[in-house]
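S.K.: What shape does this take:
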Amino acid sequence: MDGGGNENKIEDEDKQALAALSSVPSPHRAKVHSYSQQLRGEKKPYRQGRKHSLDGIPAGGSRPLSSSDDDFSNYSLDEEEGALDLKPFTPLGEFVAAVSPAAAGSSSPGPGGGSGSGSVSGGKGEAIFKVPTRAAVHPGRPPCLELRPHPLRETQVGKFLRNIACTETQLWAGQESGVRFWRFDRIYDPGCGLGGKVRRGDEDAAPFQESASTSPTFCLMVDAANGLVWSGHKDGKIRSWKTDQHPPAAAAAANAPFKEGLSWQAHKGPVLSMVMSSYGDLWSGSEGGVIKIWPWESIEKSLSLKSEEKRMAALLVERSAIDLRSQVTVNGNCSISSSDIKCLLSDNIRAKLWCAQSMTFSLWDARTKELLRVFNIDGQTENRVDGGEKGQQQQQQQQQHQQHHQESGQAGEGFLQRSRNAIMGAADAVRRVATRGTNAFVEDPKKTEAIVMTADGMVWSGCTNGLIIQWDGNGNRVQDFNLLNKNTAVQCFCTFGARIYVGYASGIIQMLDLEGHLLQMWVAHSNPVLKLAVGKGYIYSLASHGGIRGWSTLSPSPIDQILRSELAGKEATYTRKDQFRVLIGTWNVGQGRPSQEAMMSWLGSTAGDVGIVVVGLQEVDMGAGFLAMSAAKETVGLEGSAIGQWWLDNIGRALGEGSVFERMGSRQLAGLLVSLWVRKNMRQHVGDVDAGAVPCGFGRAIGNKGGVGLRIRVRDRIMCFVNCHLAAHLEAVNRRNADFDHIYRNMVFGKPTIPNAAAAGVSSSSHTLNSNSNNNGSSEDTKPELSDADMVVFFGDFNYRLFGISYDEARDFVSQRSFDWLRERDQLRAEMKAGRVFQGMHEAIITFPPTYKFERNVPGLGGYDSGEKKRIPAWCDRVIFRDTRPGSSTPSQCECSLECPVVSAVIQYEAVMDVTESDHKPVRCKFHIQVAHTDRSVRRQEFGEILRTNEKIQSLLEECRVVPETAVSTNSIALQNQDTAILRITNKSAADKVVFRIYCEGQANFKDEGDEAEYRARGNHGFPRWLEVTPAAGIIKPDNSIEVSVHHEEFHTLEDLVDGIPQNWWCEDTRDKEVILVVVVQGSGSTEVATHRVHVRHCLSAKTLRADSKSGSRRGQKSDPKQQSGSSDATDDSRSSQKP
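M.R.: Alright, predicted model coming up:
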């Protein structure tokens, strides 16, 4: 709409602002003249006479219409690295088509439906407008195991997965309502399918078991020594779960949930992180910098109690807590920060423990629980004096006091200045309230998000700005890396052998060596990677949408290419095809409210055979006050209005909302409104609805012009629908082109922050990822989100006019039904052919009269504007789209497949001329869409079958099982008080490094000679407090050896725990003790490990020493290697496989 009332006033006032816009230039910016000026002289002869009637004009839906677009291969994440940024989409299961085969057959274009018969396609344009590349098997990343395909977000309410952890035989996941686990021996099994015993979203996942409902799970920790998984929860409780869950047959058949074991109230706030120290104690962190230690002795005692004594067991653990924050607080001043605990990390090599907070680290002695050092993210030691909440309140009061004095000094200012200051202050207050809790004003780009320790003893931390920092064991900053060169937050780490895996908020996973060199990088998920875990030959990644994928620890290797080739060859077995229809409706309502009959005529009469309806409205309200209020609400994340809700209600009434259709989403920006409706029998296959808005008016800030969009995932494919209202007036062609370009580049589909993103455990940094791209939409580094969609539909009041023609001429051609000649004078058609707008997109043939401008409530073609301005009729209201078809193919020429997964045909494109409530006519466009998608459950089975049966893969796997030969100097050590013995580990391989670690398999106490040994493990195979093993892990170079110190250390405190019972130090346990140390060795990338066992005995007196242990040396003296055996017994050298 270009004239009259508010619109003219807005456009006139906006001319200077728009002239100064620094928008993205069109490809042919040198041509500044409009096409109406350039082609004004070109006129073709026309027939005289007018016929203001629709009689004889063929109906727009009488034949299927379609056109073509161009084929491109694009979206390289890094061409040098060869990692293609192809967004993965996951399955939705088979769906019974809503239309019959006969109807589907009618979707092929009939005469005049092809691109050469009147439809128009946009030029090639830039790479961002090219069709995304799709394939049966992703060519730019390692083949992956789809353990849990990407579920629809709407199915995960209350069940979002937050964390994962692996035991030797299981993958555990923490979710909002408890925990679940998968067994590794069933990871290739098919899912239950729709209608199975699992809830929606898990129908294609591998079989799993789920716990009884609990408070949301925030963190997980595996205790391999005791067969337990520990979980920390939002309600402040820590819970234990047995890994050997074997429900009775009846319960298993009914898929009954399993129950927790020991649990206790650990914190007042949520348990944010947990870890077992090298001595088996459980450390937990919470809000406000609170760190607590739960001694293993009390946990062990509580675990031994019966289920009837559950309350007593919880009390026993709760009373044993050690609050570290209170221990380092003196006179109200604390040595550590009061910010929330982000991560806890156990340094088992040096018996230390790291605590990471947003901007600081604290380093603790795992044995004595003493604070060793506090340092910031730059590595500088901090002498912190943190007064906690009281100190913060005092600081705020001081700032308010200073502000009061400043305001008093300004009392002499003028009334207008004071009013302005008051308004600005109120606006700032509104912004602070709206963004409270989001750290919007104190966001630091270097906040720590994750931390991990590598095999060589170095510690790596990741920040919100993508920076990765390497630290030594004492907290000294060694070096830093930024391997993405983008502001993408590091979300998680994990290690395997001599490799480091990094997960980013962009969905990327990187593989590094221990020097920080990039080995491989790929796009693992379309959403942030929340957590990585290693288990049974795979690196498992959890995305914020809840999908879990497994990446082979052998990648990159020749196995990858074999898997790709074999999976591609089986494409037919897991490809599924569906078809449905989509109705697009657009109408500039001119601030009017039509009758229900008009709504039925426009939408209700033609929606009977469609599965999805998308409705776009323009100018639902255009008052100056409404636009200002809308802009203010947008700044604080609010949208919508009463008039917008009226429209949603009436559209729903026309479509039969509740009984036939269900509204899935909507978005309003000032006068623009878009809404999406899905037929109920198709609802379970549509979800992940996201919305976006881009204003284009008043310096790209006001929504009188702009676009609103919705993005959905339907049957494994992404579709985007954008409702636009572009710049008005005949001569403003370049402004319209710039508006489209601005909308296309800056349309960001935001995830609903409160119910979903936070529920999925995404860091605050990941929320700002898209907003950052919004500010730099024209930069080369930022790829528009619309370019990743399988289908994009633009519709709305584009405001392109007819050029080189007068009002009378246009009226004559309309009455003569000479639409072919009028289309030659269509500005949009000319601009698309020249490649200046809607690049790579196309429009079906227009067979209906121009939809603008009409007198309200005047029927027929006689209703065209006959007032003083006599605006030339024009096709302002349009529908333009692209799918995944290559080149100039039509649906009949391009078969729907995983390489071309979305093929669409326009079967109806018309204006509803009998609706007269606005100066525009409503337009509708109906698509018949064919979609190809993957049955992930079947493909997972094929994936496992290929691994099991392919001889080449089996041969390569066998080569990777080789463990370098190693030798341990002795298998028996005896220690007295303060004794030290040396354990030498030798790598006999001349080519491969050896990664080793040492843990305690268990401890036995002997009161008298001849007592039978009963070995009991501490938490996570921790060492007893009297034993120091240094280093307990590391890397041995080829043909080298390392000496490990095994030392007895007296350890007394004022109150000690023996068997979970507090004892005075002079009542210390006087029994002899023996532990079994297990030395685990593997190659730097091998899938198997070898183990050596060493018995270490502590004797209180010389008379209890055994004859075979006299080789033990005194403190400070090394054992004679010649007196020790060259290797451990063959029975102690066992291997365990980690193959896929």
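S.K.: now the helices for the stretch 601-750 of the chain?
M.R.: 624-635, 642-655, 733-746 (DSSP state H, counting those that start in this stretch).
S.K.: try the stretch 51-200 of the chain
M.R.: Counting by DSSP H, counting those that start in this stretch, the helices of the stretch 51-200 of the chain are 101-105.
S.K.: same question, the stretch 751-900 of the chain
M.R.: 764-767, 769-775, 807-815, 819-824, 827-833.
S.K.: What helices and strands are in contact with the longest one?
M.R.: Packing contacts for helix 807-815, counted by 3 or more Cβ pairs under 8 Å, 6 or more residues apart in numbering; DSSP states H and E, involve helix 819-824. C-beta: built from backbone N, CA, C; applies to glycine.
S.K.: Tabulate the CA atom coordinates of the helix it packs on in CSV.
M.R.: Written as CSV, here are the backbone C-alpha positions of helix 819-824 (Å, rounded to 0.1, in the frame of the first residue of the first chain):
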residue,chain,number,x,y,z
PHE,A,819,-1.9,-10.5,-18.6
ASP,A,820,1.1,-11.7,-20.8
TRP,A,821,1.8,-8.1,-21.9
LEU,A,822,1.2,-6.7,-18.4
ARG,A,823,3.7,-9.3,-17.0
GLU,A,824,6.4,-7.8,-19.2
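S.K.: Now tell me which helix or strand of the protein has the poorest mean pLDDT.
M.R.: helix 764-767 (a mean of 31; mean pLDDT, DSSP states H and E).
S.K.: Could you dump the helices of the stretch 601-750 of the chain into TSV and include mean pLDDT, mean neighbour count and distance to residue 934?
M.R.: Putting those into TSV (pLDDT from 0 to 100; neighbours: other Cβ atoms under 10 Å; distance: least, Cβ to Cβ, whole Å) gives the following:
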stretch	mean pLDDT	mean neighbour count	distance to residue 934
helix 624-635	74	16	38
helix 642-655	93	18	31
helix 733-746	95	26	29
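S.K.: now for these, which one comes closest to residue 551?
M.R.: Between residue 551 and the helices of the stretch 601-750 of the chain, the shortest separation by Cβ to Cβ is 32.4 Å, and it involves helix 733-746.
S.K.: Give me the distance from the closest one to the chain's centre.
M.R.: 29 Å (Cα atoms, centre = their mean, to the nearest Å).
S.K.: what do you get for stretch 262-270?
M.R.: The answer for stretch 262-270 is 29 Å, by Cα atoms, centre = their mean.
S.K.: what's the answer for stretch 1018-1029, then?
M.R.: Centroid separation between stretch 1018-1029 and its chain, computed with Cα atoms, centre = their mean, is 38 Å.
S.K.: For it, measure first residue to last.
M.R.: Terminal residues of stretch 1018-1029 are spaced 15 Å apart (Cα to Cα, to the nearest Å).
S.K.: Do me a favour and average the pLDDT over it.
M.R.: The average pLDDT for stretch 1018-1029 rounds to 92.
S.K.: show me the contacts for residue 856.
M.R.: Listed by Cβ atoms under 8 Å, 6 or more residues apart in numbering, the contact partners of residue 856 are 590, 592, 916-919.
S.K.: Farthest-apart pair in these, please.
M.R.: 590 and 916 (11.3 Å).
S.K.: how about low-confidence regions in the stretch 551-700 of the chain?
M.R.: 636 (pLDDT under 70).
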